[in-house]
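K.L.:
this one's sequence-less:
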Ligand SMILES: *Cc1c(COP(=O)(O)O)cnc(C)c1O
């Protein structure tokens, strides 16, 4: 008989989620607004703790779409984006008819390389087009080199949209990820560090921007008794049911970050003495990762595939790293700047089961596959 599947990252309820959902039913707030939506936004604002304003939306992708719209991105514009990421970081650029300009990773955090970023800005400006925004990503929860990236953004006066979809609970130099950019986005998809079954948020530094995002996300209805529209609107608001799940999840966020970090430590300990396996780790104590997923790099593509298949045979889910966007068929022929660090990572990298709900016996099963594979 096939053993039960071990997932890379699966939803992990804390217990009070159903209480908040029940309240929504009891008060009949079964709509894309209500007390849970407001409560969840307040919980996030308090957690992020940098005088930010949070708008709860239907997904992280929707948040990114609205952020780009509010920065005035239009057809024909260029937007700089980290190449190694999930397609949702880049797709909203295409929704607007703008062109992404992809930037390679650096080796320490696997996130946007500041050197390639500055080269790209200089080169695009020399070609007559100043990029409208920069989208760095905190991949797998690891903070990007935000000091360097923000300094370049400030030097060239380009707004930053921080893709913090994977990094709620991470911080850089003591400041929470999601509070560095002009705007930031969060995701509460089912596989993320906390989930609302599906959902996202826009984080901003001003109440006006938040209000504008909420306005656009609820069909851009002008203030009139009839339906009056002077902007194109979207249906992107979070529902009060989903927000109820989110409020319950916020109660266990810190505990779940600790459990993900424990899973990461398990792998760090296992691979400690192996020179041919690198575990993505915090470069120094300026970086604090929620370790949403623990990822490793093996010596070759063949070795990576063999390990992936060894896990698969035991019904354990693993996954190659994000395939860089500049290698994706949808983004052929778009500009790319870098030295192919991300290509090499993609070739040899693997994400390992990292959920906060992994049980002791599941860690044992994972360890057995690893021991067998590395002949320990
Ligand atoms: C999950 C994710 C998103 C998109 O979030 P959704 O809520 O699924 O739309 C964007 N960027 C990154 C890096 C992600 O991992």
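P.N.:
Received it, and whenever you're ready, just let me know what you need. Only a predicted model underlies this, so the values are computations on that prediction, with no experimental measurement involved.
K.L.:
Around the ligand, which positions in the stretch 151-300 of the chain sit nearby?
P.N.:
Contacts of the stretch 151-300 of the chain with the ligand, taken as C-beta under 6 Å from any ligand atom, map to 163, 165, 166, 187, 189, 200. Where C-beta positions appear, they are placed from N, C-alpha and C, glycine not excepted.
K.L.:
Compute the first-to-last residue distance for stretch 41-54.
P.N.:
This stretch, stretch 41-54, spans 6 Å end to end (C-alpha to C-alpha, to the nearest Å).
K.L.:
Flag every buried residue along it.
P.N.:
For stretch 41-54, a neighbour-count test (16 or more other C-beta atoms under 10 Å) marks 41, 43, 44, 45, 47, 48, 52, 53, 54 as buried.
K.L.:
Is the fourth one in contact with residue 56, as I believe?
P.N.:
No - between residue 45 and residue 56 there is no contact, the gap being 10.7 Å when judged by C-beta atoms under 8 Å.
K.L.:
Next step: the buried residues of stretch 41-54 restricted to strands.
P.N.:
Mapping those onto strands (DSSP state E) picks out 53, 54.
K.L.:
Including pLDDT and distance to residue 362, could the buried residues of stretch 41-54 go into TSV?
P.N.:
Putting these into TSV (pLDDT from 0 to 100; distance: C-beta to C-beta, whole Å) gives the following:
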residue	pLDDT	distance to residue 362
41	98	34
43	98	30
44	98	30
45	98	35
47	98	29
48	97	32
52	97	36
53	98	39
54	98	34
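K.L.:
Take the buried residues of stretch 41-54 and write them to JSON lines, including distance to residue 215.
P.N.:
Below are the buried residues of stretch 41-54 laid out as JSON lines (distance: C-beta to C-beta, whole Å):
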{"residue": "41", "distance to residue 215": "15"}
{"residue": "43", "distance to residue 215": "22"}
{"residue": "44", "distance to residue 215": "19"}
{"residue": "45", "distance to residue 215": "18"}
{"residue": "47", "distance to residue 215": "24"}
{"residue": "48", "distance to residue 215": "22"}
{"residue": "52", "distance to residue 215": "18"}
{"residue": "53", "distance to residue 215": "13"}
{"residue": "54", "distance to residue 215": "15"}
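K.L.:
would you turn the buried residues of stretch 41-54 into a markdown table with distance to the ligand?
P.N.:
Formatted as a markdown table, the buried residues of stretch 41-54 follow (distance: C-beta to the nearest ligand atom, whole Å):
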| residue | distance to the ligand |
| --- | --- |
| 41 | 16 |
| 43 | 18 |
| 44 | 14 |
| 45 | 19 |
| 47 | 18 |
| 48 | 17 |
| 52 | 18 |
| 53 | 19 |
| 54 | 14 |
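K.L.:
wait, which of the buried residues of stretch 41-54 is closest to residue 150?
P.N.:
The shortest separation between residue 150 and any of the buried residues of stretch 41-54 is 15.5 Å, and it belongs to residue 52 (by C-beta to C-beta).
K.L.:
check contacts around that closest one.
P.N.:
45, 178, 179, 203, 204, 205 (C-beta atoms under 8 Å, 6 or more residues apart in numbering).
K.L.:
Tell me who's in contact with the spatially most central residue of the chain.
P.N.:
In the chain, the residue lying closest to the centroid (C-alpha atoms, centre = their mean) is residue 165, at 2.4 Å. Applying C-beta under 8 Å, 6+ apart, we find residue 165 in contact with 60, 86, 88, 89, 137, 185, 186, 187, 189, 192, 200.
K.L.:
What of residue 203?
P.N.:
Residues counted as contacts of residue 203 (C-beta under 8 Å, 6+ apart) are 44, 48, 52-54, 162, 164, 178-179, 183-186.
K.L.:
I'd like those residues laid out as CSV, including distance to residue 223.
P.N.:
Compiled in CSV, those are given as follows (distance: C-beta to C-beta, whole Å):
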residue, distance to residue 223
44, 27
48, 30
52, 26
53, 20
54, 23
162, 32
164, 32
178, 31
179, 31
183, 24
184, 28
185, 27
186, 29
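K.L.:
which one among these gets closest to residue 290?
P.N.:
Proximity of the contacts of residue 203 to residue 290 (C-beta to C-beta) peaks at residue 164, which lies at 10.1 Å.
K.L.:
Going by proximity to the ligand, name the top residue of the stretch 51-200 of the chain.
P.N.:
residue 60 (2.7 Å; C-beta to the nearest ligand atom).
K.L.:
Leaving out sequence neighbours, find the closest residue to residue 303.
P.N.:
Nearest residue to residue 303 in three dimensions, chain neighbours excluded: residue 348, at 7.5 Å (C-beta to C-beta, 6 or more residues apart in numbering).
K.L.:
Which residues outside the longest helix seen in the chain are in contact with it?
P.N.:
Identified as the longest helix of the chain according to DSSP state H is helix 253-271. By C-beta under 8 Å, 6+ apart, the residues outside helix 253-271 that reach it are 12, 14, 47, 141, 168-169, 193-194, 277-279, 281, 289-292, 294, 296, 352-358, 363, 367, 370.
K.L.:
Just the residues you listed: which are in helices?
P.N.:
When the contacts of helix 253-271 are checked against helices (DSSP H), the matches are 47, 363, 367, 370.
K.L.:
Backbone dihedrals for the residue nearest to residue 74 when sequence neighbours are not counted, both of them.
P.N.:
Nearest residue to residue 74, sequence neighbours excluded (C-beta to C-beta, 6+ apart): residue 96, at 6.4 Å. Phi and psi for residue 96, reported as degrees, to the nearest 10, are phi -90, psi 0.
K.L.:
so where is the stretch 1-150 of the chain shaky, pLDDT-wise?
P.N.:
Scanning the stretch 1-150 of the chain for pLDDT under 70 picks out 1.
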